[in-house]
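Visitor: I would like the atomic coordinates for the input below:
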Amino acid sequence: MATPTTGEPGTPLYLTTGTYGSWTVITLRGELDLDTAPRLEAEAQAAVQDVEVPRLALDLEHLEFCDSSGLAAFVRIWRMVHGGAGDFVLLRPRPDLMRWLQITGLYSRIPVTDDLTDTERGENIAGSLTSA
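Guide: Sure, this is the predicted structure:
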């Protein structure tokens, strides 16, 4: 189920959490900015809080905008998941966001991929998400 978070001004952020094998995937639609980043962080924390070794992916394919607050949220989520000895990836970022990940150096810290292979099943994530 998509959960809207409205920011002023701009497009709301819709978050959908699903699972794929051992991965939890949060799909983002809309804008990630100062007003909406806290909602993403809360959703990520809730998604991994009771998981012994978390595996979290943020699907960014439909993210229309991301400012520095969104990039900072990615870092905080990465630290949270990495601190639990888990895996964290950014999935399918648009070219403009990919450029910012490269410019800021986050690309060298946080794994970025166009597909997510579930290592337990050896399958690709594309079109295979199940809503949580």
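
Visitor: ranges for the helices of this protein?
Guide: Secondary structure of the chain, counting by DSSP state H: helices at 37-48, 68-83, 95-104.

Visitor: what's the longest strand in this structure?
Guide: Longest strand in the chain, counting residues (DSSP state E): strand 55-66.

Visitor: that older thread, do you know which of the helices of the chain lies nearest Thr17?
Guide: helix 37-48 (5.7 Å; CB to CB). Yep, even glycine has a C-beta here, placed from its N, CA and C like the rest.

Visitor: buried stuff in the closest one?
Guide: Going by neighbour count (16 or more other CB atoms under 10 Å), the buried part of helix 37-48 is 37, 39-41, 43-44, 47-48.

Visitor: which residues are in contact with the most centrally placed residue in the chain?
Guide: With distances taken as CA atoms, centre = their mean, the residue of the chain nearest its centroid is Leu58 (1.9 Å). Listed by CB atoms under 8 Å, 6 or more residues apart in numbering, the contact partners of Leu58 are 25-26, 28, 40, 44, 74, 77, 89-91.

Visitor: so, low pLDDT: which residues of the chain?
Guide: Residues of the chain meeting the criterion pLDDT under 70: 1-10, 118-132.

Visitor: rerun that using 90 as the cut-off
Guide: Within the chain, the segments meeting pLDDT under 90 span 1-11, 20-22, 50-52, 83-84, 115-132.

Visitor: against Leu56, how distant is the nearest residue to Val112 once chain neighbours are set aside?
Guide: Among residues not flanking Val112 along the chain, Leu90 sits closest, at 4.7 Å (CB to CB, 6 or more residues apart in numbering). The gap separating Leu90 from Leu56 is 10 Å, by CB to CB, to the nearest Å.

Visitor: same check, this time on Ala47
Guide: Using CB to CB, we find Ala47 at a distance of 6 Å from Leu56.

Visitor: next, the distance between the ends of stretch 25-44.
Guide: 9 Å (CA to CA, to the nearest Å).
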